[in-house]
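Participant: Need coordinates for the below:
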Amino acid sequence: IQELKTQLNLANTLYEKQKQLWDKNIGSEVQYLQAKNNKEALENKLQTLEAQLDMAFVKSPIEGIIDAIFIEEGELAMPGLQLMQVVNLNKLKIYSNVSEKYLPLINKGDMVELTFPTFPAITMDVAVERTGNVVNLGNRTFPVELRIDNIDGKLKPNLLALITFHDFNDNNALIVPSIIIKEDIKGAYVYIVKEVEGKKTAKKIYITSGMSYNDETMVLSGLNAGDKVITEGYSLVTDGTEVKII
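Facilitator: Model prediction:
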């Protein structure tokens, strides 16, 4: 290539001189065209050689660090043969397959909560980057993709992540611990504290329960805001049992 560049420099010089003469109507057109053709031929040849040289280098489609090498020095590298693994930890993608019943509830831009069992202290609120348009026939799920910044490189590829989708919200809901809800032939019930003749007693209240999440259940009817629900010792009381609030 260096030799060709030297030849091209000479060809450029001869071409410029011949062009100056031709512009002054000195010399023949053949000499001018020969100089021009020689210069362009050398330029094309140099471009071809530089392209071939460029193909001698292995280039990664992403910026990152080499995490693993799968070929030894001296081995033949061929198209399609994996040479090494390059990872970029600055930005990570998170994929999840979600049941099709949530398809109407999850959209691009929705905020979700992201946690990692390996790093319990790390909690993120992340926007949904993409939702799939096709439901998997095998497991009736659709893909959801998230993207996060990982500047400190603490999170690693293939790390398990837990995604919490917020599919329901009611700021006025009445919530009780799921474990205190009991059932009999009449339905679900809880115990609340009532004043009877100046004494605090347990009163059995039948309720209609709703959605449950994180060991808590929403009460649709039967309880009112301000009711004192028995959450400690609930299994030891019956209707009318005198209780003491601690």
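Participant: List the beta-bridge partners for residue 199.
Facilitator: Under DSSP bridges, the beta-bridge partners of residue 199 are residue 196.
Participant: Quick one: the helices in this protein, in order.
Facilitator: 2-23, 29-54 (DSSP state H).
Participant: What is the shortest one packed up against?
Facilitator: Right, the one you point to is helix 2-23. Packed against helix 2-23, as judged by 3 or more CB pairs under 8 Å, 6 or more residues apart in numbering; DSSP states H and E, are the following elements: helix 29-54. Every residue, glycine included, has its C-beta placed from N, CA and C.
Participant: The helix it packs on: which residues count as buried?
Facilitator: 32, 35, 36, 38, 39, 42 (16 or more other CB atoms under 10 Å).
Participant: so which of the helices of the chain comes closest to residue 167?
Facilitator: Nearest of the helices of the chain to residue 167, taken as CB to CB: helix 29-54 at 51.4 Å.
Participant: What residues sit buried inside stretch 200-218?
Facilitator: The neighbour-count check on stretch 200-218 (16+ other CB under 10 Å) flags 201, 202, 203, 204, 205, 207, 209, 217, 218 as buried.
Participant: right, I mislabeled it, should have said stretch 147-156
Facilitator: In stretch 147-156, counting by 16+ other CB under 10 Å, buried: residue 155.
Participant: So what touches that stretch?
Facilitator: For stretch 147-156, contacts defined as CB atoms under 8 Å, 6 or more residues apart in numbering pick out 89-94, 114, 116, 119, 122, 124, 126, 129.
Participant: Straight-line length of that stretch, end to end?
Facilitator: 13 Å (CA to CA, to the nearest Å).
Participant: any weak-confidence spans in the chain?
Facilitator: Scanning the chain for pLDDT under 70 picks out 22.
Participant: and the gap between the residue positioned nearest the centre of it and residue 128?
Facilitator: Taking CA atoms, centre = their mean as the criterion, residue 146 is the residue nearest the geometric centre of the chain, at 2.4 Å. Distance from residue 146 to residue 128, counting by CB to CB, to the nearest Å: 6 Å.
Participant: Same check on residue 154?
Facilitator: From residue 154 to residue 128 the distance is 23 Å (CB to CB).
Participant: Could you count how many residues lie near the residue lying closest to residue 128 once chain neighbours are set aside?
Facilitator: Leaving out its chain neighbours, the residue that sits closest to residue 128 by CB to CB, 6 or more residues apart in numbering is residue 110, at 4.8 Å. Residue 110 sits with 15 neighbouring residues when counted by other CB atoms under 10 Å.
Participant: same question, the one 3 residues further on
Facilitator: One way to gauge burial is a neighbour count; for residue 113, by other CB under 10 Å, it gives 13.
Participant: Isn't it up against residue 164?
Facilitator: Yes - taking CB atoms under 8 Å as the definition, residue 113 is a contact partner of residue 164 at 4.0 Å.
Participant: partners of the biggest strand by length in the chain, with directions?
Facilitator: Longest strand in the chain by number of residues, with DSSP state E as the criterion: strand 119-131. Here strand 119-131 is paired, per DSSP bridges, with strand 111-116 (antiparallel), strand 141-149 (antiparallel).
Participant: Pull the contacting residues for residue 102.
Facilitator: 165, 167.
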